[in-house]
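Peer 1: sequence and predicted model, in that order:
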Amino acid sequence: MGAVFKKELWQYFHSMVGYVFLCIFLLLSGYYFSVGNLLSQNGDIKGFFSSMILVIMFLIPMLTMRSFSEERKMRTDQLLLASPAPLSRIVLGKFLAVLTVFSVGLAVTLTYIVILAAFGSFEFLIVFGNYFGTLIAAGAFIAVGMFLSALTENQVVAGVISYSTLLGLWLIGFVGSYIAKGPIHTLVTYLSLSNKFDEFAMGIFSMSSVVYYISITILFLFLTTRILEHRRWE
Amino acid sequence: MLEVSHLTKRYGDKIAIEDLHFTVSEGEIVGLLGHNGSGKSTTMNIIAGCLSATSGSVRIDGSDIVESSSEAKSKIGYLPENPPLYPDMTVNEQLIFAANLRRIPKQKREEAIALACEQVNIRGVRRRLIKNLSKGYRQRVGFAQALLGEPELLILDEPTVGLDPRQIIEIRETIAGLGKTHTIILSSHILSEIAAVCKRVVVLSNGRLVADDLPSKLVAKMSPEGKLVLRADGTPEQITAAVRAVTGIKSCTPQVSPEDGQVEFILETQSGEDIHRPLFFALAEAQCPIRLLKPLETSLEDIFLQLTQDRRYEEAN
């Protein structure tokens, strides 16, 4: 796991991908912070996170799209498959590497909190809840993106499908409010990635949301392992 | 060391390999021979644990490649047909990653990498990016990668593809040298290569095993018994007449040698009969001195063609 983790991190920061990701991420987060907090003289950080989650959803596929498709296309997956490391460790190593790249970007936004704390209000639990929520939501996005990357050899296809899947799961939440209560309504609200995040953004630390994102992450990492295992049998 | 038993692999309806059964004992160098698409790479992929067989099993030193895969895989060094290298890494970085993947402890890593680089002679390119290396060097980096950590079993899928003649000789020498301490399976569709380094040949045709023997025994087995090749001075009529007179010779057919275009005669003798002496005196009497007299042997190339000429499956698909 350590070997794959290190190699992935190395690759993100030796190709443009890691820097482009961080650059766009920080540009957009800086924009939201400046407009939403600094220029509008708003000391509340919650709005910042509910805007950022969409940016994160948009950017995560950029990191995950190459993760398995590229290995398969370059035939380097044979090195991983022939190594003594079990597939689950390889998948976990890759997942943690993407999460680390993302966390580097997220860590920079802590400076905004320092600025707000110096000039405005600082509520530890709200800040912590939002960061924690963002991190586990991103974990779920990464797991979905990695799963889709394991399905194809083409990283552009993986990227586009990941983006549309995440966007679809996000938008479906808005449809929920127009559907009468019933099984479809329950299903739609359950599938929606956005409803769960709203609670974090409002400063509510909801256990069910935590369980939701973490179980999505585990489910898709498991499915990724299964897909790779299945490919051996094809 | 390696036990392959009743291995079958299907891709949908297509049978890639069928009921493959062979063993390789410690220290052997075995050549897997077959034309393109005969199932060599599939077999090697299954042995290395990159693919799973539809049925059958592979055991390495007693551990099953599926059930106790970590243990089995740690004993294998695998060089696939296309060496799995990351183009944006340097040779050194690639080898460090491969060493970490094989769980070679950090303090031994540098030593292991230096040794592997030494064995395939790539010390000079360790700092270069893989994407800037030639095909031959990439092949050798892949080879070095397979050698890391001194695995007991080396699986080399067409190790000399894309190399120039000089490099081919070098790699063959390396393989022969490694054969003293490792068990090696290598595949090729080039016969001379197998004959040069392997002690045993396993011939595959359309996914089935058609022969498994020493190259020399294969030659003996496939060569027709009691047939001799004769060359002598004199006209074909004189020679034929002289030969026909010798008792014990069933037939004498002239042919033009495929090698140098000279006329030679294929003699078929009755089994158990030593015709060398009477033949010598008969031809001497006819004033036709013998230039060459030897048993007719089928060359390895011909054997390979004979063994693999059954192409039913290919045509069916």
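Peer 2: Thanks, I have it. Numbers count the residues shown, from 1 in each chain, chains lettered A, B, ... in the order given.
Peer 1: give the contact list for the residue nearest in space to the middle of chain A.
Peer 2: Centroid check for chain A by CA atoms, centre = their mean gives A:Ala138 as the closest residue, at 2.4 Å. Counting by CB atoms under 8 Å, 6 or more residues apart in numbering or on different chains, A:Ala138 touches A:Ile56, A:Ile60, A:Leu99, A:Phe102, A:Leu106. To be clear about C-beta, it is placed using only N, CA and C from the backbone, and glycine gets the same treatment.
Peer 1: which of those sits closest to chain B?
Peer 2: Lowest distance from chain B to the contacts of A:Ala138 (CB to the nearest CB) belongs to A:Leu99, with 19.8 Å.
Peer 1: and that closest one, what element?
Peer 2: Take DSSP states H and E as the rule and A:Leu99 turns out to sit in helix A:87-108.
Peer 1: for that helix, what is the average pLDDT?
Peer 2: Helix A:87-108 comes out with an average pLDDT of 95.
Peer 1: is it anywhere near chain B?
Peer 2: No. Helix A:87-108 stays clear of chain B (CB under 8 Å from any CB of the partner chain), getting no nearer than 9.0 Å.
Peer 1: just the buried residues of whichever helix or strand comes after that helix, please?
Peer 2: Per DSSP H and E, the first helix or strand lying C-terminal to helix A:87-108 is helix A:110-119. Of the residues in helix A:110-119, A:Tyr112, A:Ile113, A:Leu116 count as buried by neighbour count, 16 or more other CB atoms under 10 Å in any protein chain shown.
Peer 1: need the contact list for B:Ile65.
Peer 2: B:Ile46, B:Ile47, B:Ala48, B:Gly49, B:Ser57, B:Val58, B:Arg59, B:Ala72, B:Lys73.
Peer 1: now, which of those residues lie close to chain A?
Peer 2: Of the residues in the contacts of B:Ile65, proximity to chain A by CB under 8 Å from any CB holds for B:Ala48, B:Gly49, B:Lys73.
Peer 1: number of nearby residues for the last one?
Peer 2: Other residues lying near B:Lys73 total 24 when counted by other CB atoms under 10 Å in any protein chain shown.
Peer 1: how close does it sit to A:Glu153?
Peer 2: Relative to A:Glu153, B:Lys73 is positioned 24 Å away (CB to CB, to the nearest Å).
Peer 1: quick revisit: now the contacts of A:Ala138 in a markdown table, with neighbour count?
Peer 2: Formatted as a markdown table, the contacts of A:Ala138 follow (neighbours: other CB atoms under 10 Å in any protein chain shown):
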| residue | neighbour count |
| --- | --- |
| A:Ile56 | 23 |
| A:Ile60 | 28 |
| A:Leu99 | 18 |
| A:Phe102 | 23 |
| A:Leu106 | 18 |
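Peer 1: could these go into a markdown table alongside distance to B:Gly226?
Peer 2: Listed next are the contacts of A:Ala138 as a markdown table, based on distance: CB to CB, whole Å:
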| residue | distance to B:Gly226 |
| --- | --- |
| A:Ile56 | 82 |
| A:Ile60 | 76 |
| A:Leu99 | 75 |
| A:Phe102 | 78 |
| A:Leu106 | 84 |
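Peer 1: now B:Ile76: how far from B:Thr160?
Peer 2: For B:Ile76 relative to B:Thr160 (CB to CB), the value is 20 Å.
Peer 1: on that earlier part again, what subset of the contacts of B:Ile65 is buried?
Peer 2: Buried by 16+ other CB under 10 Å: B:Ile46, B:Ile47, B:Ala48, B:Gly49, B:Val58, B:Arg59, B:Ala72, B:Lys73, out of these.
Peer 1: list the buried ones in the helix or strand hosting B:Ala284?
Peer 2: Under the criterion of DSSP H and E, B:Ala284 resides in helix B:276-285. Neighbour counts using 16+ other CB under 10 Å place B:Leu279, B:Ala282, B:Leu283 of helix B:276-285 among the buried residues.
Peer 1: repeat for stretch B:108-117
Peer 2: By neighbour count on 16+ other CB under 10 Å, the buried set for stretch B:108-117 is B:Arg109, B:Ala112, B:Ile113, B:Ala116, B:Cys117.
Peer 1: work out for me the element the first one sits within.
Peer 2: This means B:Arg109. Per DSSP H and E: B:Arg109 is located in helix B:106-120.
Peer 1: now do the phi/psi pair for residue 168.
Peer 2: I went with chain A, as the question did not name one. Backbone geometry at A:Gly168, expressed as degrees, to the nearest 10, gives phi -60, psi -50.
Peer 1: ah, I was thinking of chain B
Peer 2: Torsion angles at B:Ile168 (phi, psi; degrees, to the nearest 10) stand at phi -60, psi -40.
Peer 1: got the contact list for it?
Peer 2: When contacts are counted by CB under 8 Å, 6+ apart, B:Ile168 touches B:Thr160, B:Glu193.
Peer 1: tell me the pLDDT at it?
Peer 2: Note on B:Ile168: pLDDT of 84.
Peer 1: what residues does chain B put near chain A?
Peer 2: Going by CB under 8 Å from any CB, the residues of chain B near chain A are B:11, B:45, B:48-52, B:54, B:69-71, B:73-74, B:76, B:78, B:80, B:82, B:84-89, B:93, B:97-98, B:100-103, B:145.
Peer 1: helix, strand, or coil at whatever residue of chain B ends up closest to chain A?
Peer 2: In chain B, no residue comes nearer to chain A than B:Asn100, which is 3.4 Å away by CB to the nearest CB. Using DSSP: H, G, I helix; E, B strand; the rest coil, the secondary structure recorded for B:Asn100 is helix.
Peer 1: and it, how many neighbours?
Peer 2: Neighbour number of B:Asn100 under other CB under 10 Å is 21.
Peer 1: go ahead and confirm it touches A:Trp10.
Peer 2: No. Taking contacts as CB atoms under 8 Å, B:Asn100 lies outside contact range of A:Trp10: 11.1 Å.
Peer 1: next up, phi/psi of whatever residue of chain A ends up closest to chain B, please.
Peer 2: For chain A and chain B, the shortest gap (CB to the nearest CB) falls at A:Ala3, measuring 3.4 Å. Per-residue torsions, A:Ala3: phi -60, psi -50 (degrees, to the nearest 10).
Peer 1: over to B:Arg59?
Peer 2: phi -120, psi 130.
Peer 1: these two touch, right, it and B:Met1?
Peer 2: No. Using CB under 8 Å, B:Arg59 makes no contact with B:Met1, being 9.4 Å away.
Peer 1: about what we covered before: could the buried residues of stretch B:108-117 go into CSV alongside distance to B:Glu297 and pLDDT?
Peer 2: As requested, the buried residues of stretch B:108-117 are exported to CSV (distance: CB to CB, whole Å; pLDDT from 0 to 100):
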residue, distance to B:Glu297, pLDDT
B:Arg109, 50, 91
B:Ala112, 45, 92
B:Ile113, 46, 93
B:Ala116, 40, 90
B:Cys117, 42, 91
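Peer 1: what is the nearest of the residues you listed to B:Ala245?
Peer 2: B:Ala116 (66.4 Å; CB to CB).
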